[in-house]
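S.K.: dropping a prediction and its sequence here:
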Amino acid sequence: MPRPSPQPVCNTAPTERLVCAGCGLLCDDLDPGGLATTRWACPAAARWFTAADNTPAITAIDGVSATPPEALDLAALRLLTARRVLVTGLTAAPMEALQPACQIADLLAAAIDAGGSDTAVPTGPTFARVGEVTAAFEELRDRADLIIFWNCDPAATHPRFIERFVQPARPAGSRRTISLGPHPVMPASASHLHFALTADEALPATRLLQTHIHHHPNDLLEGRLGTIVPQLAAVIDAAECIGIVTSTQADPTGLTAWSLATLVRMLAHRKPAFQIPLGVGIAAGGGNAAGVAASCTWRYGAPGALAAADRQGSLFQPAEADAVRLINRGEVDCVMAIGGLTATIEAALATAAPPPALIHITDVAQSTPAVESVVLATASLARATSGTMLREDGRLISLTPLEPATHPTLEDLLTTLAERLAEHPPAGGAE
Ligand code: SF4
């Protein structure tokens, strides 16, 4: 039955709040009553809460319905006999389910990557994050009198970011916003200024602004950037507290992220200034991309693009061992997909020749099932999952299940599978 169009949902008292894990904002101010009346907080939230109802996953082997024990047995067998396994998806899993997922990867010495854009760039995320000066989203909301959107579009990637953290009034007074990029991220107004910038100009603009602020005036300024940079520098000079919102997307080399990190660090030596590095957002497949990155970093030393899971030291290969490249190059013959997948991973799986075997542990059926596949249906990740997730700024958010689980939870299924694999560790896997 067609569903009504998504509409804004009203914020409610803290005791009645519901968390949406449709993207890394992990909005925790949703009205549970909105689900019954389809008053969605944003279109992505509508997709998140209805996906498992519209196309529920069914436990199956090679497209034929199977019992959970049959599917678990075959999943374990295919994982144990695979030449090389990739563990991916993951972003819809709470922190508690990531533990058994990593245990499985350890046992199989599997590659791990959630498929985010930051592990697919040659510099990887850590290069830029060394020395990044960041802050919580609420600090941006409450403190920044100047917010600069640097070649990013939160409305497209994090639908409620502006509503929740930019539009609310600053307690200490007014604020200005500036966007640099292909189009304005907010409606034109006296307090919003937009500078048109192409993707290719993002990096030189960053470097020129830093040079201009440091050596003002400099003789490198010419052309369009020559008029933009001094105006930007003047607004920054007049601000009391600056928040620069950036994105890991649209940065194919990672050098813009590195340049912005050094620019913000320089500004932070002069006045309160910080960066809000937005992640993959709604394209991640789930709201816990930051939790996956943190779990992998604590366990393996890097947030993803891990060639082989090894707690003693894993090889971090950004733009080399990321999920899409491993699938495209045919370097994995079995993919264990946990929860939703990014569109790029789904596309890679759909065109892989030969396709890898797929072990999919999920609540939502995929549009293009693999020829050789085991699907293990889980409880709804949106409505019947408890646990915790990390918001993209690092804040821990607790999930509250809305309804009882009708299938085993993701955590339970992964724990059972990990125990099954541990009984028969493969040769070459971790002890
Ligand atoms: S912005 Fe993201 S977390 Fe917030 S309601 Fe929309 S999809 Fe959910």
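M.R.: Cool, the structure landed.
S.K.: how far off centre is stretch 316-335?
M.R.: When distances are taken as Cα atoms, centre = their mean, to the nearest Å, stretch 316-335 is centred 18 Å away from the chain's centroid.
S.K.: how about it: buried residues?
M.R.: Buried positions in stretch 316-335, judged by neighbour count with 16 or more other Cβ atoms under 10 Å: 316-327, 332-335. All C-beta atoms are positioned from the backbone trio N, CA, C, and that covers glycine.
S.K.: stretch 106-123 now?
M.R.: 106-121, 123.
S.K.: thinking again about what came up before, closest one of the buried residues of stretch 316-335 to the ligand?
M.R.: When the buried residues of stretch 316-335 are compared for distance to the ligand (Cβ to the nearest ligand atom), Ala323 wins out at 22.2 Å.
S.K.: any idea how far Ile147 is from Ser386?
M.R.: 34 Å (Cβ to Cβ, to the nearest Å).
S.K.: which one of these two has more residues nearby?
M.R.: More neighbours surround Ile147 than the other of Ile147 and Ser386, with 26 against 14 (other Cβ atoms under 10 Å).
S.K.: for the helix or strand hosting the more buried one, which helices and strands make contact with it?
M.R.: For Ile147, the host element (DSSP states H and E) is strand 146-150. Counting contacts by 3 or more Cβ pairs under 8 Å, 6 or more residues apart in numbering; DSSP states H and E, strand 146-150 packs against strand 176-181, helix 223-238, strand 242-247.
S.K.: between those, which gets the lowest average pLDDT?
M.R.: In terms of mean pLDDT, the lowest-scoring of these is helix 223-238 (a mean of 89).
S.K.: columns distance to the ligand and mean neighbour count on top of the helices and strands packed on strand 146-150, output as JSON lines?
M.R.: What follows is these, written out as JSON lines (distance: least, Cβ to the nearest ligand atom, whole Å; neighbours: other Cβ atoms under 10 Å):
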{"stretch": "strand 176-181", "distance to the ligand": "19", "mean neighbour count": "22"}
{"stretch": "helix 223-238", "distance to the ligand": "28", "mean neighbour count": "15"}
{"stretch": "strand 242-247", "distance to the ligand": "14", "mean neighbour count": "26"}
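S.K.: out of those, which comes closest to Asp62?
M.R.: Asp62 sits nearest to strand 242-247 of all the helices and strands packed on strand 146-150, at 39.6 Å, using Cβ to Cβ.
S.K.: so in that sheet, which strands flank the closest one, and in what orientation?
M.R.: strand 146-150 (parallel), strand 273-278 (parallel) (DSSP bridges).
S.K.: which one of those strands lies nearest to the ligand?
M.R.: Nearest of the strands paired with strand 242-247 to the ligand, taken as Cβ to the nearest ligand atom: strand 273-278 at 11.2 Å.
S.K.: can you name the element that comes right after the helix or strand bottoming out on mean pLDDT in the chain?
M.R.: Every helix and strand in the chain was compared by mean pLDDT, DSSP states H and E; the lowest is helix 124-129, with a mean of 62. Going down the chain from helix 124-129, the next helix or strand is helix 137-143, by DSSP H and E.
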